[in-house]
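>>> need coordinates for the following:
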Amino acid sequence: MGGDRRRRSRSRSRSRSDSGRRRKDRRGSRRSPTPEKKKVSKVVEKRKAAIADDSSNEESGSPAAAPPPAKRSGDAASMSLEAKVALLEIEIATLKTENAELKRRLVEALSTKSSSSSSAAAAAAERGGSKKIGQPPARSSSPDEPPPKKNDEPPMDPRRARLAAAAADGGGRRRAREEAAPPKKQEEEEPEDDMKPNAVMLCNSAMEAYNEPVPNNIPNEKRLPLVKEKLDRFMDTFGEKVQILDLKSGGPIVRDRKTFGMRYSCVFRESGAKLKGTVHKRFYFDGRGKTPTFCLDFEAHDSLVTAMAGTPPDGKLGVRPPRSENLVVLYEETGGKLTRMWLKPDTDKLGLDPTAGEELLKRTDTYKAFEEKIKELRGGSLGEIIFNNYHQIPSVG
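Predicted coordinates:
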């Protein structure tokens, strides 16, 4: 019994000593660095030394030496996964350290620049307070006066300096052009449209189309297309809202463009080749820009055929026999088209009288009624007036 107890106690003591040795071995293995970790620690020390050298060189003003190129391709291939992870962690920590150092340098540079700018602005304000605006700063003639101090702020990046100078120069030139430019006139804001056709041009074109002969002795298959072509050329001189109005009552004779086209389709179709319109005398009232122009024409119409009174204007329910009419017509031009016409019968045959000139016509009630209408449309102004008596102008051909 006693021998067994001794053997058991010896075996327990051996197992305890073995376990103690194993724990010591584990601790020693944890504390003793592996070759990979030794290499990583060397890299970290080199990085820290390089950062410290850069900061010291920048403070002293001497250029920093370029670090030797890293040779880690072979080392990285021979490292274990644990060592590579540790190396990456160390590189991240190194980058953080470098970023912190760069941030510190940037903050110092910005604070130095802002302080120098504020001091320069304060000095300029003090100098400008005692001198008059627009006068150059007076220079001292004393030779003992020390030269002005140079600005200690760090030099600006050349590219930024060029951009800033270009922006300042462009803004100055733009302001100078704006100040030197004369004020815009009302005519420049609303340009005059003098290239549009006036009332004289439009009335002449309309009368030329009106007098184009359409023969009566041809089949309708050929005649009606000619009538349509003539009507299209005639309608091209009139606006979309053309009207014919009675001067005395102001009521519409023709209300819209559709009715206008139906009326003259009947006139051109039924009157035939003998239809003729003649302008014997004309007053032209000129206008500038968007101001309407007017023609007051003393006209004679021969072989005129229109629809029966009280029937549709296209003449399908009957037409009147050919007749001659003497009319005084006021044409209004707006936007390069004839838009309205005011009619009054020429009961006194003023247009047919070759001796009735400008002065005589202006004294008549007919002219005065049309003159009042133009003043009403133009706000009291007649503008420039040009008169032509075509009886006194020899015709050619």
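>>> quick one: the helices in the stretch 251-397 of the chain?
With helices called from DSSP state H, counting those that start in this stretch, the stretch 251-397 of the chain shows them at 257-271, 358-362, 365-378.
>>> point out the other helices and strands that the longest one packs with.
The one in question is helix 257-271. Packing partners of helix 257-271 (3 or more C-beta pairs under 8 Å, 6 or more residues apart in numbering; DSSP states H and E): helix 220-235, strand 238-246, strand 293-304. The way it works is simple: take the backbone N, C-alpha and C, and place the C-beta from them, glycine included.
>>> switch the helices of the stretch 251-397 of the chain over to CSV; also include mean neighbour count, distance to Arg340 and mean pLDDT.
Shown next, in CSV, are those (neighbours: other C-beta atoms under 10 Å; distance: least, C-beta to C-beta, whole Å; pLDDT from 0 to 100):
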stretch, mean neighbour count, distance to Arg340, mean pLDDT
helix 257-271, 19, 11, 94
helix 358-362, 14, 22, 95
helix 365-378, 15, 9, 94
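>>> those helices: which one's closest to Met207?
helix 257-271 (12.6 Å; C-beta to C-beta).
>>> which outside residues touch the closest one?
Residues outside helix 257-271 that contact it (C-beta atoms under 8 Å, 6 or more residues apart in numbering) are 214, 224, 227, 230-231, 234-235, 238-244, 254, 275, 303-307, 312-315, 319, 322.
>>> ok, stretch 210-224 next?
Outside stretch 210-224, the residues that touch it by C-beta under 8 Å, 6+ apart are 226-227, 230, 233-234, 268-269, 272-273, 275-277.
>>> look up how far Leu81 lies from the closest residue to Leu296 other than its chain neighbours.
The spatially closest residue to Leu296, leaving aside those adjacent along the chain, is Phe283, at 4.1 Å (C-beta to C-beta, 6 or more residues apart in numbering). Taking C-beta to C-beta, to the nearest Å as the measure, Phe283 falls 107 Å from Leu81.
>>> same deal with Thr293?
Thr293 is 96 Å from Leu81, by C-beta to C-beta.
>>> compare those two (neighbour count), which wins?
The neighbour comparison of Thr293 against Leu81 (other C-beta atoms under 10 Å) goes to Thr293, with 22 against 7.
>>> picking that back up, buried subset of the contacts of stretch 210-224?
Neighbour counting by 16 or more other C-beta atoms under 10 Å classes 226-227, 230, 234, 268-269, 272, 275-277 among the contacts of stretch 210-224 as buried.
>>> of those residues, the lowest pLDDT goes to which?
pLDDT across the buried ones among the contacts of stretch 210-224 is lowest for Gly272, at 83.
>>> so it sits against Ser303, correct?
Yes: counting by C-beta atoms under 8 Å, Ser303 is a contact partner of Gly272 at 7.4 Å.
>>> joint contacts of those two?
Taking C-beta under 8 Å, 6+ apart as the contact criterion, no residue touches both Gly272 and Ser303.
>>> ok so, going back, and Asn204, which of the helices of the stretch 251-397 of the chain is closest to it?
In terms of C-beta to C-beta, the element of these nearest to Asn204 is helix 257-271, at 17.0 Å.
>>> what's the angle from the closest one to strand 293-304?
Interaxial angle of helix 257-271 relative to strand 293-304 (axes from the mean of the first three to the mean of the last three C-alpha atoms, to 10 degrees): 40 degrees.
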